[in-house]
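**Q** Below are the sequence and a predicted model for it; my questions follow.
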Amino acid sequence: MGTKRAFFAVAIALCAVWIELLFGALAQNVGHKAPTPALSKPPMEQPIPFSHKQHIGFDMKCAECHPNPEPGDRMTLPPPEKCMECHRTVAKDKPTILKLAEFAKGNQPVPWVRVYVVSAWVFWNHRSHLEAGMKCEACHGEVAKMEVVTAATNATTMAGCVNCHKKNDASTGCQFCHSGR
């Protein structure tokens, strides 16, 4: 049994080195451009149209609507009641706001479609990135200029992550993101 374990340990170590070399090369080929390259994905259809550009124009900050509760891995989406704090009076008769009010009245979340999704096998934590000084735009693009949020970067791909980690002198070891935490 010991020989099999040793063989598998060596095989896993070689695979890890191979993956690190492969994705290190990919990240180097991407270059050190900021932010990561734009994607050509169409916008996700959302249950209620929402303009980040318009709302950020009112000097709203990301964390006002997207808090980061424990354990810090996800920024959350606002409950309809949060939106209704303003929309009880602002644009209250618009069809989209009436739809939002129905969600709030029924104490139901708006079924927003996430634009960025991190694979289940990747450990991700927004808080650690924010504490490291990363700005939302580094991964999400210039949301303040978007009428409709689209996937503007390759932030949820391994090449995108490795490139950003190298650019910012952060660890690129496999265990850093794939440790099964």
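**A** Looks like it came in fine.

**Q** How is the chain divided into domains?
**A** 2-77+112-177, 79-111 (automatic domain parsing).

**Q** could you dump those to CSV with mean neighbour count and mean pLDDT?
**A** Glycine gets a C-beta too; all of them are placed from N, C-alpha and C. Putting the domains of the chain into CSV (neighbours: other C-beta atoms under 10 Å; pLDDT from 0 to 100) gives the following:
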stretch, mean neighbour count, mean pLDDT
domain 2-77+112-177, 14, 78
domain 79-111, 14, 96
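
**Q** Skipping its backbone neighbours, what lies nearest residue 51 in space?
**A** residue 147 (5.0 Å; C-beta to C-beta, 6 or more residues apart in numbering).

**Q** so how far is residue 167 from the one you found?
**A** 29 Å (C-beta to C-beta, to the nearest Å).

**Q** try residue 135
**A** 13 Å.

**Q** do residue 87 as well
**A** If you go by C-beta to C-beta, the gap between residue 87 and residue 167 works out to 40 Å.

**Q** same thing with residue 150?
**A** Counting by C-beta to C-beta, the gap from residue 150 to residue 167 is 23 Å.

**Q** now residue 96
**A** Counting by C-beta to C-beta, the gap from residue 96 to residue 167 is 39 Å.

**Q** export stretch 51-64 as PDB, just CAs?
**A** Extracted C-alpha coordinates of stretch 51-64, given in PDB (Å, rounded to 0.1, in the frame of the first residue of the first chain):
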ATOM      1  CA  SER A  51     -28.600  50.400 -14.500                       C
ATOM      2  CA  HIS A  52     -25.500  50.400 -12.300                       C
ATOM      3  CA  LYS A  53     -24.400  53.500 -14.300                       C
ATOM      4  CA  GLN A  54     -27.500  55.500 -13.200                       C
ATOM      5  CA  HIS A  55     -27.300  54.400  -9.500                       C
ATOM      6  CA  ILE A  56     -23.500  54.900  -9.100                       C
ATOM      7  CA  GLY A  57     -24.200  58.300 -10.700                       C
ATOM      8  CA  PHE A  58     -26.000  59.100  -7.400                       C
ATOM      9  CA  ASP A  59     -22.700  58.500  -5.600                       C
ATOM     10  CA  MET A  60     -23.700  55.200  -4.300                       C
ATOM     11  CA  LYS A  61     -20.900  52.800  -3.300                       C
ATOM     12  CA  CYS A  62     -20.800  49.100  -4.200                       C
ATOM     13  CA  ALA A  63     -20.900  48.000  -0.600                       C
ATOM     14  CA  GLU A  64     -24.100  49.900   0.100                       C
END
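
**Q** The residue nearest in space to the middle of the chain: what secondary structure?
**A** Centroid-nearest residue in the chain, with C-alpha atoms, centre = their mean: residue 116, separated by 4.8 Å. Recorded secondary structure, residue 116: coil (DSSP: H, G, I helix; E, B strand; the rest coil).

**Q** Many thanks, have a good one.
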